[in-house]
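Enquirer: here is my input; please provide its structure:
(2 chains)
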There are 2 protein chains.
Amino acid sequence: MNGPPTAGILAIGDELLGGETLDRNSAWISSRLAELGIGTGEHRTVGDDASAIAGAFAELRSRHGVVISTGGLGPTLDDCTRPGLAESLGEPLVEDAEALAHLEAWFTGRGRPMPVANRTQALRPEGAICLDNPHGTAPGLLVEAEAGGLVACLPGPPREMQPMFLEQVRPRLAVAGEAVGRTRLVHACGAGESDLAARLGELMAPGRTPQVGITASHGVVTARIRSRGRAADVESQLDRAAEEIERRWAPYAFGRDATTLASATAADLVAGGRTLAVAESCTAGMLGEMLVAVSGASSFFEGGWLVYSNALKTSQLGVPESVLERHGAVSEPTAALLAMAAASRAGTDLALSVTGVAGPTGGSEHKPVGTVFIGLCDRRDGPARVRRFRFPGDRDAVRRRSATSALAMLRLHIAGAGGTPLLWEWPE
Amino acid sequence: MNGPPTAGILAIGDELLGGETLDRNSAWISSRLAELGIGTGEHRTVGDDASAIAGAFAELRSRHGVVISTGGLGPTLDDCTRPGLAESLGEPLVEDAEALAHLEAWFTGRGRPMPVANRTQALRPEGAICLDNPHGTAPGLLVEAEAGGLVACLPGPPREMQPMFLEQVRPRLAVAGEAVGRTRLVHACGAGESDLAARLGELMAPGRTPQVGITASHGVVTARIRSRGRAADVESQLDRAAEEIERRWAPYAFGRDATTLASATAADLVAGGRTLAVAESCTAGMLGEMLVAVSGASSFFEGGWLVYSNALKTSQLGVPESVLERHGAVSEPTAALLAMAAASRAGTDLALSVTGVAGPTGGSEHKPVGTVFIGLCDRRDGPARVRRFRFPGDRDAVRRRSATSALAMLRLHIAGAGGTPLLWEWPE
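Expert: Numbering: from 1, shown residues only, chains lettered A, B, ... in the order given. Sure thing, here's the model as predicted:
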């Protein structure tokens, strides 16, 4: 094999194959491998079936130097990764004395005798070693292969799997030669995917270095810039491309890589020493939830009101009943009054309000499902500004787009670009 | 091939393989196929590379009667599903006149000329037909195969893909013979996975009919019961098994299939004609967000307060500064006062409060990261009851467990089992 090994990632579990549970582990592992310059060639998912698992291991090992599986290492009878790997290696399962001692100690430390079922977790294929699991009972498995390759089997729960990958698998992955692969992401919000793609033009041509692709999710559009080569060259190449994309995407571009719309907005608030409150009706906490997901939120976020009922809009934030009767709870005056009252009562510099028809019921001819008013009060500027939107999609999509658009409005306002047109805006 | 066909699901996109985006489409499609009695044998993900796509189609077609792909049908240069499928079929790409007319009409209807790049979306392998896409520009592709099998290529965005699957692919999937496969789920919250597994005992033995497996996610444990046979037999068999599991999991079991902890709690509130408000500190809207995700939430949910700062705890919900100074914002008295004030000010029968140390900073010796107090006020009963928890995991995990545990506390209280011990409870 020339160049660095590629990776094949295998997720194991009937609940994944049946569609009841989403596999988040494969994406996480691929992200970590990309940081090491190891590209992922393939993700696969198979069920709790030892021969399907054995077949998948055999095919992936024949194509990829690095094979990593998650799931199927539990103590219950539907956990088949150990026998599946043993079958693909043509090796018997043997009991690992050290792993058994660890298991027994794990239960003793929690004041419980070890259930008999857990003893199977100390089995390993003869040529494999066991990986310690500090956060659960399931030990992992590791088989070293030629040319820096390996096969690793990790448990399914992310809080067990992730530290095992980082502490025990990653150090064993040899980075072949000087060539590394790197990815940089640039995110934007407030414009459509096709408009933003058009602004990139020739940057997206196939075969071009670096390679640029774009994707969209819940109103956030992301450019993925990739390149491969010597680390220093690659980094400066990606930096230049990211700067160019940010220039073309201004003022919608808000950050790179792990930056979220909420964390970018938070950083802008903190940089300006400004504080925020929210008044949420149809989103009912989604906006607050996104903001507080940012660690350190207490330095800019005071809190807010979930004014889901009309009674709370009036009693807590002083929206007069006459306004609700004449204009409705989903209206420009209501959104404006909610934002102003939230800023005033919380004593913050800024406040956002959201009131809309998330559906599936409650729409009317003039305010169909998806109609949402978002208010922004900046106490420096006087009365709140309100924008009207009509978002596509179901209840969940309308609520997510509402929260995202509120953050996009706030971020553009702080950047001095408060008049920028926004996607799905729908003036009366 | 005997019996009904199995399915292979292929997700296409560098953003999936690189780990930047989660593939949610494959799970959704597998769930829909399971309803038809078609089991999924394999999920795969490959990148935006025509020959990798061609190879995956060839392997999946050799193993599965039904092959469905998502993604790679866009107008940009990194979209390679059309050439990949053509290569695997050994057929040239031809332009579909009807699809081209549709595309042109789509843009005309939106008052824009069709960009030149979109013309590639009207290409199809010679033996394929185009599937209409009412919600976007990308037509799908369909190749009928022998024995009721087919290959279908659908676009990646779920709001385009899902209606195309339901309206154009599903009707073409022949259900072979009388045998159907069915899955029933039973969900529980408040006890650990291993404890709930132990209660199932022999029900989880391999080879047993119906087959039972269990999984856990964010504190919710799910039993997956599967069987296959004549529809009427299978349904009654699954019903009996679900009832037995609910009996063994009492009082933690809260619902089946698509029921969520929030929707089950909502149904209990509506059935009892009772109303709810929330006062959230560390969760900051997560609890409200989960409750309002249930359509019709206005019949039981009034709203609440995001009392993230101490100032709002005092000014909006009357927690005395002396209580905050003496006991702290993360304390039993604060949680009790927040819940009582929320019920009283919102005029609801019930209120939940959450205050805790979500981390990564803010922990102390006596209140380490993960320490959370949850208060429940039922105005029939007088003062609020507070439970103390110590949840494992990072900031996001602690906040999710907090919201989930608050709902579990409320649900058990309504069921008259308010004294039931809860997972991660940690009395002083």
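
Enquirer: now the residue in the stretch 201-350 of chain A positioned nearest to chain B: how far from B:A403?
Expert: Residue of the stretch 201-350 of chain A nearest chain B, by C-beta to the nearest C-beta: A:G285 (2.6 Å). C-beta coordinates here come from the backbone N, C-alpha and C atoms, glycine included. Distance, A:G285 to B:A403, by C-beta to C-beta, to the nearest Å: 10 Å.

Enquirer: same thing with A:V323?
Expert: A:V323 is 32 Å from B:A403, by C-beta to C-beta.

Enquirer: between these two, who's got more neighbours?
Expert: A count of neighbours by other C-beta atoms under 10 Å in any protein chain shown puts B:A403 above the other of A:V323 and B:A403, at 30 against 18.

Enquirer: can you dump the C-alpha atoms of stretch A:390-401 in PDB for me?
Expert: Output of stretch A:390-401 as PDB, limited to C-alpha atoms (Å, rounded to 0.1, in the frame of the first residue of the first chain):
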ATOM      1  CA  ARG A 390     -42.200  32.300   6.200                       C
ATOM      2  CA  PHE A 391     -40.100  29.100   6.800                       C
ATOM      3  CA  PRO A 392     -40.700  25.900   4.900                       C
ATOM      4  CA  GLY A 393     -40.900  22.500   6.500                       C
ATOM      5  CA  ASP A 394     -42.600  20.800   9.500                       C
ATOM      6  CA  ARG A 395     -43.000  21.900  13.100                       C
ATOM      7  CA  ASP A 396     -39.500  21.000  14.000                       C
ATOM      8  CA  ALA A 397     -38.000  22.600  10.900                       C
ATOM      9  CA  VAL A 398     -39.900  25.800  11.400                       C
ATOM     10  CA  ARG A 399     -38.800  26.100  15.000                       C
ATOM     11  CA  ARG A 400     -35.100  25.400  14.200                       C
ATOM     12  CA  ARG A 401     -35.100  27.900  11.300                       C
END
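
Enquirer: please work out the average pLDDT along it.
Expert: The predicted model assigns stretch A:390-401 a mean pLDDT of 90.

Enquirer: got a list of contacts for that stretch?
Expert: Contacts to stretch A:390-401, defined as C-beta atoms under 8 Å, 6 or more residues apart in numbering or on different chains, come from residues A:218-219, A:282-284, A:286, A:356-360, A:368-372, A:389, A:402, A:405, A:424, A:426, B:159, B:292-293, B:295.

Enquirer: between A:G285 and B:A403, what contacts are shared?
Expert: B:286-287.

Enquirer: which residues does A:A253 contact?
Expert: A:186-188, A:245-246.

Enquirer: per-residue pLDDT, it?
Expert: For A:A253, the predicted pLDDT is 98.

Enquirer: kindly report the same for A:V354.
Expert: So A:V354 comes in at 98 (pLDDT).

Enquirer: number of nearby residues for it?
Expert: What A:V354 shows, counting by other C-beta under 10 Å, is a neighbour count of 28.

Enquirer: quick check: it touching A:S402?
Expert: Yes: the pair A:V354 / A:S402 is scored as a contact, 5.2 Å apart, by C-beta atoms under 8 Å.

Enquirer: so for those two, which residues contact both of them?
Expert: A:282-283, A:372, A:374.

Enquirer: may I ask which of the residues you listed has the most neighbours?
Expert: Busiest of those [other C-beta under 10 Å] is A:T283, holding 33 neighbours.

Enquirer: can you pull the contacts of that one?
Expert: By C-beta under 8 Å, 6+ apart, the neighbours of A:T283 are A:354, A:399, A:402-403, A:406, B:289, B:292.

Enquirer: wait, is it part of a helix?
Expert: No: checked against DSSP: H, G, I helix; E, B strand; the rest coil, A:T283 lies outside a helix; its state is coil.

Enquirer: spatially nearest residue to the residue of the stretch 201-350 of chain A closest to chain B (excluding sequence neighbours)?
Expert: B:G285 (2.6 Å; C-beta to C-beta, 6 or more residues apart in numbering or on different chains).

Enquirer: the one you found contacts A:A297, correct?
Expert: No: B:G285 lies out of contact with A:A297 (C-beta under 8 Å); the separation is 11.3 Å.

Enquirer: who has more neighbours, these two?
Expert: Comparing B:G285 with A:A297 by other C-beta under 10 Å, the one with more neighbours is B:G285, at 31 against 25.
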